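In: Next one to model:
(chains A and B)
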Amino acid sequence: MKRLSTFNITALTLGFAFLYLPMILLVIYSFNASKLVTVWAGFSTKWYGELLRDEAFLDAAWVTIKVAVMSSTLATVLGTTAAYVLVNSGRFFGRTLFSGMIYAPLVMPEVITGLSLLLLFIGIGLDRGVLTIVLAHTTFAMCYVSVVVSSRLVSFDKSLEEAALDLGCTRLEAFRLVTLPIIAPAVISGWLLAFTLSLDDLVIASFVSGPSSTTLPIKIWSAVRLGVSPEINALSTMMIGVVTIGVISASLVSKRNSVRAQKDAQAAERTV
Amino acid sequence: MRRFALIAVPYTWLLALFLIPFLIVFKISLSDIDLAIPPYTPTMKDGFSALIQGLDFENFVFLTTDDLYYKAYLSSLKIALISTFLTLLVGYPMAYSMSRAPEEWRATLMMLVILPFWTSFLIRVYAWIGILSNEGLLNQLLLWLGVISDPLTILNTNTAVYIGIVYTYLPFMILPIYAALDRMDDSLIEAAEDLGCSRLSAFWLVTIPLSKSGIIAGCFLVFIPALGEFVIPSLLGGSGTLMIGKVLFEEFFNNRDWPVASAVAVILLLILIIPIVLFQRNQQKQAEAEA
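Out: Take a look at the predicted model:
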């Protein structure tokens, strides 16, 4: 049995205070009645009302969600395919280049990715808008998806798929009925990761978006450059709330699943 | 045949949207600025031989003559190095304490470390503006406590940039170190203590070397993105904070000098290749050690 020393408790308390206090303060001050963000003038929810009446913000939110859903779905399909190819296809022509292109975007500075894609879109005469942002987000998100999925595929028992093939499945059926259900948790977390990355991206979107396709981070950015604003605090609080609920419920679901799996295993042992 | 199609789709996608764009950046970095649309010359329209002849290293020579760029690269390196070190100082005790925590707490502690990562990066940086500004909450607290008599200027200085980088990249430091410490066999420390080591020297001689791979991985995971960082220096840094990501952005959008912006990008990438290769090697060594 391990016990925490005073040092351990202090380190954890200070560390988590550092991680969470800024966000907690942001949430508290979003309910501040004063326009001056650093002076407390009583509880109010008026900034939420103003935010929800602000057409420009609602439009940007809608564009952002559209882009995130499209790009994360596309990225999941492409990234899962790439991971499957990398893990299962053995050697093929240009494999090193392929795996290099999967890993490079993960470490590429966003300013470079954004600049290079913008120059491509201008070069081929593609108008900047929702489509260009989707293409850009899909490209870097598919690499993250591929890394998440391939780590699951590596530990996957290949003989299960072979058994399905022996029993008369086609390759596609074997993938759909055997491989996909087993790697599903990784595919789902890949999708969630891609979705969050797209929702969050400011730099690449600033390069490749057009005037009619302002995303929420770009909107926040232009507001925030003028200093702290209570409406942005309200918006941040809503975003933090959604993420917190999402992450906590996801972890509860996975905990319940693992408890259930444990019970099943115990039940199986008893019957044997 | 089906296998070929399976490989071809993601392959073509990455060639078209990752490799080719980068080659375009490289090509434009060798071009000259021009008052046209697009604002550089030569272009593909000029024909292939004119295109090749029109390319030169002028922009790279320009980067060495104007000391703004040279200073921006050096100061990016400095800021990234210092903040990586600070992140290690904050992150290591946290990762260490997490690995000492009782089994049933660990999943929750892990979730608490990962949760900020899912929250918007921009919002987490923004949260510090209200804390660090002259009338901000930190100054109000310190004035109220009587620690200082005049507000400290923190926002719009490099200090604010360090705080911002440590804050946003802390999870990247904690997770690999925690993973390394978690694998460690506790009986090794007991053995060291039985053999006469003090607690502190057992920590230095056993725990730190055994978590080395995690420390290295964490440092690279902070250093690499910090070097090209744009949002943090722009929001928290001042006019004196020079970072290369910011220079590139301004060169492109404010000065509209595409060839120079492209040359800045090419050099940033060349600087990044060294830490990336070292990081890859560390990861490979670790994977081999585990196998």
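
In: what's near enough to touch B:I271?
Out: By CB atoms under 8 Å, 6 or more residues apart in numbering or on different chains, the residues touching B:I271 are B:Y73, B:L77, B:L227. (Each C-beta comes from the backbone N, C-alpha and C, glycine too.)

In: What subset of these is buried?
Out: Restricting the contacts of B:I271 to buried positions leaves B:Y73, B:L77, B:L227, with burial counted as 16 or more other CB atoms under 10 Å in any protein chain shown.

In: Excluding chain neighbours, give the residue nearest to the second one in space.
Out: Setting aside the residues directly before and after it, B:L77 is nearest to B:L227 in space (CB to CB, 6 or more residues apart in numbering or on different chains), at 7.0 Å.

In: ditto for the first one
Out: Closest residue in space to B:Y73, ignoring its immediate chain neighbours: B:I244 at 5.7 Å, by CB to CB, 6+ apart.

In: pretty sure the one you found is touching B:L227, no?
Out: Yes: B:I244 is in contact with B:L227 according to CB atoms under 8 Å; the separation is 7.4 Å.

In: Mean pLDDT per helix and strand in chain B: which one sits at the bottom?
Out: Lowest on mean pLDDT, DSSP states H and E among the helices and strands of chain B sits helix B:48-53, with a mean of 69.

In: can you map out the helices along the stretch 1-150 of chain A?
Out: Read by DSSP state H, counting those that start in this stretch, the stretch 1-150 of chain A holds these helices, from start to end of the chain: A:6-29, A:46-53, A:55-88, A:95-107, A:110-123, A:130-154.

In: hmm, the second one touching chain B?
Out: No: Helix A:46-53 lies apart from chain B when judged by CB under 8 Å from any CB of the partner chain; the minimum separation is 13.8 Å.

In: quick check: domain ranges of the chain?
Out: In the absence of a named chain, this looks at chain A. A:14-53, A:55-230 (automatic domain parsing).

In: that's the other chain; I wanted chain B
Out: Taking automatic domain parsing as the domain assignment, the record places the domains of chain B at B:1-62, B:66-290.

In: winner for burial among those?
Out: Mean neighbour count (mean count of other CB atoms under 10 Å in any protein chain shown) peaks for domain B:66-290 among the domains of chain B, with a mean of 18.

In: could you give the mean pLDDT of that domain?
Out: What domain B:66-290 shows for mean pLDDT is 89.

In: Please tabulate the helices of the stretch 1-150 of chain A in TSV and include distance to B:I33, mean pLDDT and mean neighbour count as additional columns.
Out: Output for the helices of the stretch 1-150 of chain A, formatted as TSV (distance: least, CB to CB, whole Å; pLDDT from 0 to 100; neighbours: other CB atoms under 10 Å in any protein chain shown):
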stretch	distance to B:I33	mean pLDDT	mean neighbour count
helix A:6-29	42	92	16
helix A:46-53	42	87	15
helix A:55-88	32	93	20
helix A:95-107	28	87	16
helix A:110-123	14	92	24
helix A:130-154	24	93	23
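
In: now for those helices, which one comes closest to B:E288?
Out: When these are compared for distance to B:E288 using CB to CB, the nearest one is helix A:130-154, at 14.8 Å.

In: Tell me the residues of the stretch 151-272 of chain A that contact chain B?
Out: Residues of the stretch 151-272 of chain A that fall close to chain B, judged by CB under 8 Å from any CB: A:171, A:196, A:199-200, A:202-203, A:207, A:217, A:220-221, A:224-225, A:227-228, A:232-233, A:236, A:239-240, A:243-244, A:246-248, A:251, A:255.

In: Among these, which lie within strands?
Out: Restricting these to those inside strands, with DSSP state E as the criterion, leaves an empty set.

In: Just the ones of the residues you listed in helices?
Out: Among those, the members found in helices (DSSP state H) are A:171, A:196, A:199-200, A:203, A:207, A:217, A:220-221, A:224, A:232-233, A:236, A:239-240, A:243-244, A:246-248, A:251, A:255.

In: filter these to the buried ones?
Out: A residue is treated as buried here by neighbour count (16+ other CB under 10 Å); on that basis the buried members of those are A:196, A:199-200, A:203, A:207, A:217, A:220-221, A:224, A:232-233, A:236, A:239-240, A:243, A:247, A:251.

In: OK, contacts around the residue nearest to B:L77?
Out: Under the criterion of CB under 8 Å, 6+ apart, the contact partners of B:L227 comprise A:P109, B:S76, B:L77, B:A80, B:I244, B:L268, B:I271, B:L272, B:P275.

In: what's the closest non-adjacent residue to the first one?
Out: Computed as CB to CB, 6+ apart, the closest residue to A:P109 that is not its neighbour in sequence is B:G228, at 2.6 Å.

In: That neighbour contacts B:V247, doesn't it?
Out: No: here B:G228 does not reach B:V247: they are 10.8 Å apart, not a contact under CB under 8 Å.

In: how about the closest residue to B:A160 other than its chain neighbours, what does it touch?
Out: Taking CB to CB, 6+ apart, and ignoring the residues beside it in sequence, B:A160 has B:L236 as its nearest neighbour in space, at 3.9 Å. Residues in contact with B:L236, defined by CB under 8 Å, 6+ apart, are B:V125, B:W128, B:I129, B:L132, B:L155, B:N156, B:A160, B:V161, B:I163, B:G164.

In: Smallest gap between chain A and chain B, at which residue?
Out: Per CB to the nearest CB, the residue of chain A with the smallest distance to chain B is A:P109, at 2.6 Å.

In: so that residue touches B:K246, yeah?
Out: No: look at A:P109 against B:K246 with CB under 8 Å: they stay out of range, at 11.4 Å.

In: who's in contact with the residue of the stretch 101-250 of chain B found nearest chain A?
Out: Using CB to the nearest CB, the closest approach of the stretch 101-250 of chain B to chain A is made by B:G228 at 2.6 Å. Counting by CB under 8 Å, 6+ apart, B:G228 makes contact with A:P109, A:E110, A:V111, A:I112, B:S76, B:I244, B:G245, B:L268, B:L272.

In: Among these, which pair sits farthest apart?
Out: A:E110 and B:S76 (14.3 Å).

In: how big is the angle separating the one helix or strand B:A179 maps to from helix A:6-29?
Out: When elements are assigned from DSSP states H and E, B:A179 belongs to helix B:158-183. Here helix B:158-183 runs at an angle of 130 degrees relative to helix A:6-29 (axes from the mean of the first three to the mean of the last three CA atoms, to 10 degrees).

In: Now for the residue nearest the centre of chain B: which residues touch it?
Out: Geometric centre of chain B, nearest residue: B:P225, 1.9 Å, by CA atoms, centre = their mean. In this structure, B:P225 makes contact with A:V107, A:P109, B:Y169, judged by CB under 8 Å, 6+ apart.
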